[in-house]
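In: fold the following and give me the result.
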Amino acid sequence: MTATAAASPPTTAPASAEHSLKKADKHSRRTAVLMLLPAGVLMLTFLLIPIGLTFVLAFTNARLISPEPAKFIGITNFTRLFENETFWKSLTNTVIFAVVIVPVQSAVALGLAVLINTRMRGVNFFRTVYFLPVVTSMVVVSMLWMFMYQPDGLINALLAKVGIQGPDWLGDPQWALLAIILLSIWQACGFHMVIWLSGLQTIPGELYEAASLDGAGRWQQFVHVTWPGLRQTAIFILITITIAAFSLFTQVNIMTQGGPLDSTSTVVFMAVRTGFQQQQTGYAAAISLVFFVIVLTVSLIQRYLTRDKEATR
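Out: I've put the predicted structure just below:
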């Protein structure tokens, strides 16, 4: 009896180990929930709830300050919006801005990244100079360029030295949007330059050495080595620039207030002006909802066109 009892394996050890594993797993889940809780609260408060309220308000006649409660009015706000010439003008300006900004800003940023992607004295100075506008407030930059764009400002003074009479940049409907485009490219290209630079530094130097041994020149190396290695970086930059371009607001609000003759009005500026200045909260929510659908559609189309076709086969 004693020998048999001593030879039999203990039955409490596996149960104790399983209990410890379950306790550790429960503790890990509780820790994960606590770590995700702050981010979840922020997303719920500043993302999900505002989106839900936008969907609700878009179908009402709610006003920011009104003695009467909001009423459900169906698709009246959307019908009114699509019949509004200012909306179509604002949408056209937004599309023009995005179509110009996306290729030009990304190309300028890539060119700067290629120039400073070298080991030489003073390169850190140029990296800082190119990135400096990014860390400067857009409000400050807009006010600075607003003075430069004056008819007797710095830009027209420089043009006069080469015999060119500069226009009234912000007062002429033909030049106002172009003036904002130039400002926006100058201010933001440093940020995307840094992203391009990080992508360039992930490309192995051995590929350039092999291409050089094969007789490839600078341009051929860029086409066959650099650009393929920047595919994922290019997709990220393309999407971020597009979203930022469609959300153009600060420059317009500071410099032109949508004028002259709505030549610089954008969808975001129209929504903010309608909601806060005109206090038509329901109508502004409808504008925001339409803008959300447009940006989402454009982003999905971009993601589809830039997808990795080999990976999806």
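
In: quick one: neighbours of Q150, just the number.
Out: Other residues lying near Q150 total 16 when counted by other CB atoms under 10 Å. C-beta coordinates here come from the backbone N, C-alpha and C atoms, glycine included.

In: now it: which helix or strand?
Out: Secondary structure assignment for Q150, by DSSP states H and E: no helix or strand.

In: from E68, how far off is it?
Out: As judged by CB to CB, to the nearest Å, Q150 and E68 stand 45 Å apart.

In: same check on N253?
Out: 30 Å.

In: same check on R121?
Out: 70 Å.

In: buried sites along the host helix or strand of L289?
Out: Using DSSP H and E, L289 sits in helix 281-305. Neighbour counts using 16 or more other CB atoms under 10 Å place 281-291, 295, 298, 302 of helix 281-305 among the buried residues.

In: so what pLDDT did A5 get?
Out: Reported pLDDT at A5 in the predicted model: 47.

In: repeat that for F222.
Out: 88.

In: quick check: end-to-end length of stretch 242-262?
Out: End-to-end distance of stretch 242-262 (CA to CA, to the nearest Å): 22 Å.

In: pull out the buried positions in that stretch.
Out: Result for stretch 242-262 [16+ other CB under 10 Å]: buried residues 242, 244-246, 248, 250-256, 258, 260, 262.

In: mind checking how far the residue lying closest to T233 once chain neighbours are set aside is from S106?
Out: Computed as CB to CB, 6 or more residues apart in numbering, the closest residue to T233 that is not its neighbour in sequence is G199, at 3.3 Å. According to CB to CB, G199 and S106 sit 12 Å apart.

In: again, but for F78
Out: Taken as CB to CB, the span from F78 to S106 is 34 Å.

In: the two: who's more crowded?
Out: The neighbour comparison of F78 against S106 (other CB under 10 Å) goes to S106, with 22 against 16.

In: how about the more buried one, what does it touch?
Out: H192, A234, I237, L238, I241 (CB atoms under 8 Å, 6 or more residues apart in numbering).

In: where does the protein have low pLDDT?
Out: For the chain, residues meeting the criterion pLDDT under 70 lie at 1-15, 17, 19, 21, 308-313.

In: swap in 80 and give it another go.
Out: Applying pLDDT under 80 to the chain flags the ranges 1-27, 66, 118-122, 306-313.

In: re earlier: just send the buried residues of helix 281-305 back as a markdown table, with distance to L64 too.
Out: Listed next are those as a markdown table, based on distance: CB to CB, whole Å:
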| residue | distance to L64 |
| --- | --- |
| T281 | 5 |
| G282 | 10 |
| Y283 | 11 |
| A284 | 9 |
| A285 | 11 |
| A286 | 15 |
| I287 | 14 |
| S288 | 14 |
| L289 | 17 |
| V290 | 20 |
| F291 | 19 |
| V295 | 24 |
| V298 | 29 |
| Q302 | 35 |
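
In: out of those residues, who's nearest L213?
Out: Nearest to L213, judged by CB to CB, of the buried residues of helix 281-305 is Q302 at 36.9 Å.

In: assign a three-state SS to G258, would you?
Out: Assigned by DSSP: H, G, I helix; E, B strand; the rest coil, the conformation of G258 is coil.

In: now the one 5 residues further on
Out: S263 carries the three-state label coil when classified by three-state DSSP.

In: that one: what's its closest spatial neighbour, skipping adjacent residues?
Out: Nearest one to S263, counting by CB to CB, 6+ apart, is P173 at 3.8 Å.

In: ok, now which ones touch that neighbour?
Out: P260, L261, S263.

In: quick check on it: phi, psi?
Out: When read as degrees, to the nearest 10, the backbone of P173 gives phi -60, psi -20.

In: what residues does the helix holding L289 touch?
Out: With CB under 8 Å, 6+ apart as the criterion, helix 281-305 contacts 51, 53-64, 70, 73, 77-78, 80-81, 87, 91, 235, 238-239, 242-243, 246-247, 267-268, 270-272, 274-276.

In: if we go to 7 Å?
Out: With CB atoms under 7 Å, 6 or more residues apart in numbering as the test, helix 281-305 has contacts from 54-55, 57-58, 60-64, 70, 77-78, 80-81, 238-239, 242-243, 246, 267-268, 270-271, 274-275.

In: so of those residues, which ones are in helices?
Out: 54-55, 57, 77-78, 80-81, 238-239, 242-243, 246, 267-268, 270-271 (DSSP state H).

In: buried ones only from those, please, as a ChimeraX command.
Out: The ChimeraX command for the buried members of those (criterion: 16+ other CB under 10 Å) is given here:
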select :54,57,77,78,81,238,239,242,246,267,268,270,271
